[in-house]
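[1] Provided below for reference: sequence and predicted model.
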Amino acid sequence: MKVELVTTLKRRATEILGDLAENQEPVMITQHGKPAAYLLDVETFEAMRNRIELLEGIARGEQAIEQGRTVSHTEAKKRMKRWLG
(Lines give C-alpha, C1' and ligand atoms only; values in the text may rest on other atoms or scores of the structure.)
Protein backbone atom coordinates (compact mmCIF):
# COMPACT_ATOMS: atom_id res chain seq x y z
CA MET A 1 0.00 0.00 0.00
CA LYS A 2 1.29 3.42 -0.88
CA VAL A 3 1.52 6.03 1.84
CA GLU A 4 1.38 9.75 1.08
CA LEU A 5 1.41 12.84 3.23
CA VAL A 6 -1.67 15.03 3.05
CA THR A 7 0.57 17.88 1.88
CA THR A 8 1.81 15.68 -0.98
CA LEU A 9 -1.80 14.91 -1.89
CA LYS A 10 -2.51 18.63 -2.05
CA ARG A 11 0.44 19.26 -4.37
CA ARG A 12 0.21 16.15 -6.55
CA ALA A 13 -3.47 15.16 -6.43
CA THR A 14 -3.81 14.63 -10.19
CA GLU A 15 -0.71 12.43 -10.33
CA ILE A 16 -1.72 10.41 -7.25
CA LEU A 17 -5.24 9.87 -8.60
CA GLY A 18 -3.81 8.84 -11.97
CA ASP A 19 -1.56 6.26 -10.30
CA LEU A 20 -4.52 5.05 -8.25
CA ALA A 21 -6.66 4.54 -11.34
CA GLU A 22 -3.84 2.74 -13.13
CA ASN A 23 -2.59 0.51 -10.29
CA GLN A 24 -5.76 0.16 -8.21
CA GLU A 25 -3.48 0.14 -5.17
CA PRO A 26 -5.00 1.89 -2.12
CA VAL A 27 -3.20 4.96 -0.85
CA MET A 28 -3.04 5.77 2.86
CA ILE A 29 -2.99 9.50 3.51
CA THR A 30 -1.20 10.55 6.67
CA GLN A 31 -1.52 13.79 8.57
CA HIS A 32 0.92 14.70 11.33
CA GLY A 33 2.44 11.23 11.01
CA LYS A 34 -0.84 9.39 11.62
CA PRO A 35 -3.21 7.66 9.20
CA ALA A 36 -5.98 10.09 8.23
CA ALA A 37 -7.71 8.53 5.22
CA TYR A 38 -7.52 5.91 2.50
CA LEU A 39 -7.94 6.59 -1.19
CA LEU A 40 -9.46 3.78 -3.25
CA ASP A 41 -10.30 3.61 -6.93
CA VAL A 42 -14.00 3.57 -7.71
CA GLU A 43 -14.09 -0.07 -8.86
CA THR A 44 -12.43 -1.33 -5.67
CA PHE A 45 -14.69 0.81 -3.49
CA GLU A 46 -17.85 -0.40 -5.24
CA ALA A 47 -16.77 -4.05 -4.98
CA MET A 48 -16.02 -3.59 -1.27
CA ARG A 49 -19.37 -1.92 -0.69
CA ASN A 50 -21.19 -4.74 -2.48
CA ARG A 51 -19.38 -7.35 -0.38
CA ILE A 52 -20.29 -5.51 2.81
CA GLU A 53 -23.96 -5.32 1.79
CA LEU A 54 -23.97 -9.05 1.03
CA LEU A 55 -22.36 -9.90 4.37
CA GLU A 56 -24.84 -7.66 6.20
CA GLY A 57 -27.71 -9.47 4.46
CA ILE A 58 -26.31 -12.84 5.47
CA ALA A 59 -25.92 -11.63 9.07
CA ARG A 60 -29.56 -10.43 9.09
CA GLY A 61 -30.66 -13.83 7.76
CA GLU A 62 -28.69 -15.68 10.42
CA GLN A 63 -30.17 -13.44 13.09
CA ALA A 64 -33.69 -14.11 11.78
CA ILE A 65 -33.04 -17.85 11.96
CA GLU A 66 -31.75 -17.57 15.53
CA GLN A 67 -34.85 -15.58 16.50
CA GLY A 68 -37.18 -18.05 14.83
CA ARG A 69 -38.39 -15.52 12.27
CA THR A 70 -38.69 -18.01 9.40
CA VAL A 71 -41.45 -19.41 7.21
CA SER A 72 -41.87 -22.70 5.39
CA HIS A 73 -40.91 -23.08 1.76
CA THR A 74 -44.59 -23.29 0.80
CA GLU A 75 -45.41 -20.07 2.67
CA ALA A 76 -42.40 -18.33 1.12
CA LYS A 77 -43.59 -19.32 -2.37
CA LYS A 78 -47.08 -17.93 -1.62
CA ARG A 79 -45.63 -14.65 -0.39
CA MET A 80 -43.33 -14.32 -3.38
CA LYS A 81 -46.22 -15.04 -5.76
CA ARG A 82 -48.27 -12.23 -4.17
CA TRP A 83 -45.27 -9.92 -4.14
CA LEU A 84 -44.40 -10.56 -7.79
CA GLY A 85 -48.00 -10.12 -8.81
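    Received it, and whenever you're ready, just let me know what you need. Residues are numbered from 1 along each chain as shown.
[2] And the average pLDDT for the helix or strand harbouring E15 is what?
    Using DSSP states H and E, E15 falls within helix 6-23. For helix 6-23, mean pLDDT is 96.
[3] Run through who's touching it.
    Contact with helix 6-23 is made by 2, 4, 25-27, 29-31, 36, 39-41, as judged by C-beta atoms under 8 Å, 6 or more residues apart in numbering. Quick note: C-beta positions are derived from backbone N, CA and C, even for glycine.
[4] how about those residues in TSV, adding neighbour count, secondary structure and distance to E66?
    Converted to TSV, the contacts of helix 6-23 look like this (neighbours: other C-beta atoms under 10 Å; DSSP: H, G, I helix; E, B strand; the rest coil; distance: C-beta to C-beta, whole Å):
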residue	neighbour count	secondary structure	distance to E66
K2	13	strand	42
E4	18	strand	44
E25	13	coil	39
P26	15	coil	35
V27	20	strand	40
I29	18	strand	40
T30	16	strand	42
Q31	12	strand	42
A36	13	strand	39
L39	18	strand	38
L40	15	coil	34
D41	18	coil	37
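[5] And those residues, which is closest to G61?
    L40 (27.8 Å; C-beta to C-beta).
[6] and the closest one, how far is that from G18?
    For L40, the distance to G18 equals 15 Å [C-beta to C-beta, to the nearest Å].
[7] Tell me which residue is most central in this structure.
    The centre of the chain sits closest to R49, judged by C-alpha atoms, centre = their mean, with a distance of 2.1 Å.
[8] any idea how far that one is from K2?
    21 Å.
[9] same deal with G57?
    For G57, the distance to K2 equals 32 Å [C-beta to C-beta].
[10] cool, D41 as well?
    According to C-beta to C-beta, D41 stands 12 Å off from K2.
[11] How about E46?
    20 Å.
[12] Distance from the chain centre to stretch 4-12, please.
    25 Å (C-alpha atoms, centre = their mean, to the nearest Å).
[13] Check which residues of that stretch are buried.
    For stretch 4-12, burial by neighbour count (16 or more other C-beta atoms under 10 Å) applies to 4, 9.
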